[in-house]
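Peer 1: My questions concern the predicted model and sequence given below.
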Amino acid sequence: MASLLRTNNIFKPSSRSFATAAHKQVASKSEPNTHFKITLRRSAIALGERKKETLVALGLHRRMQTVYHVHSPEAAGKILKVKELVEVENVPAKAVRSQSEQRKERKASRGYQVQGTKLGGLAWETS
């Protein structure tokens with residue numbers, strides 16, 4: 001078991017797994033995690049065809065690409081086949097984002113705002 005360190009009358013976990021387990025328990029009280037958030041972190045270029053096909057079956061084509069899958073034995077099995085290449089998080093249904101939503105979140109702001117223009121009174125803009 002993880003031992004606890006005592007510092008200034010505050011107990012801190014000395015094991016990372018204990019700390020993450022405590023954090024996950026707090027997060028699970030709000031809403032149940034129903035989806036896997038899968039991000040491809042490493043390339044599969046030098047790996048066999050079976051690993052590449054598994055990544056395609058998961059919907060991963062590029063590094064740093066993120067996809068969401070519902071918790072299922074099939075998805076879990078695919079993840080286990082490529083566990084060295086991907087990062088997986090359990091997320092609630094409200095955290096699931098489509099491709100277009102992810103793209104909008106990544107897009108930078110224009111850096112300026114158009115408040116008015118001198119050309120506002122032109123004939124083609126009034127109709």
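Peer 2: That came through fine.
Peer 1: Could you pull up the contacting residues of the one residue sitting closest to the centre of the chain?
Peer 2: In the chain, the residue lying closest to the centroid (CA atoms, centre = their mean) is Lys37, at 4.8 Å. Counting by CB atoms under 8 Å, 6 or more residues apart in numbering, Lys37 touches 66, 68, 88-91, 95-96. For glycine as for every other residue, the C-beta is placed from the backbone atoms N, C-alpha and C.
Peer 1: Would you double-check that it falls in a strand?
Peer 2: Yes. According to DSSP: H, G, I helix; E, B strand; the rest coil, Lys37 belongs to a strand.
Peer 1: Model confidence score at Val67, please.
Peer 2: With respect to pLDDT, Val67 scores 96.
Peer 1: gap between it and Ile79?
Peer 2: Note on Val67: its distance to Ile79, by CB to CB, to the nearest Å, is 11 Å.
Peer 1: And Arg110, by the same measure?
Peer 2: 38 Å.
Peer 1: The two: who's more crowded?
Peer 2: Ile79 (17 against 7; other CB atoms under 10 Å).
Peer 1: wait, isn't that one in contact with Val86?
Peer 2: Yes. Between Ile79 and Val86 there is a contact at 6.5 Å, judged by CB atoms under 8 Å.
Peer 1: shared neighbours of the two, anything?
Peer 2: Going by CB under 8 Å, 6+ apart, residues that sit against Ile79 and also against Val86 are 38, 58.
Peer 1: what about the strands in the chain?
Peer 2: 4-7, 10-13, 33-40, 66-70, 86-92 (DSSP state E).
Peer 1: Just checking: what are the partner strands of the last one?
Peer 2: Within its sheet, and counting by DSSP bridges, strand 86-92 is paired with strand 33-40 (antiparallel).
Peer 1: May I see the buried residues of stretch 32-44?
Peer 2: By neighbour count on 16 or more other CB atoms under 10 Å, the buried set for stretch 32-44 is 33, 35-38, 40, 44.
Peer 1: so where is this protein shaky, pLDDT-wise?
Peer 2: 1-29, 119-127 (pLDDT under 70).
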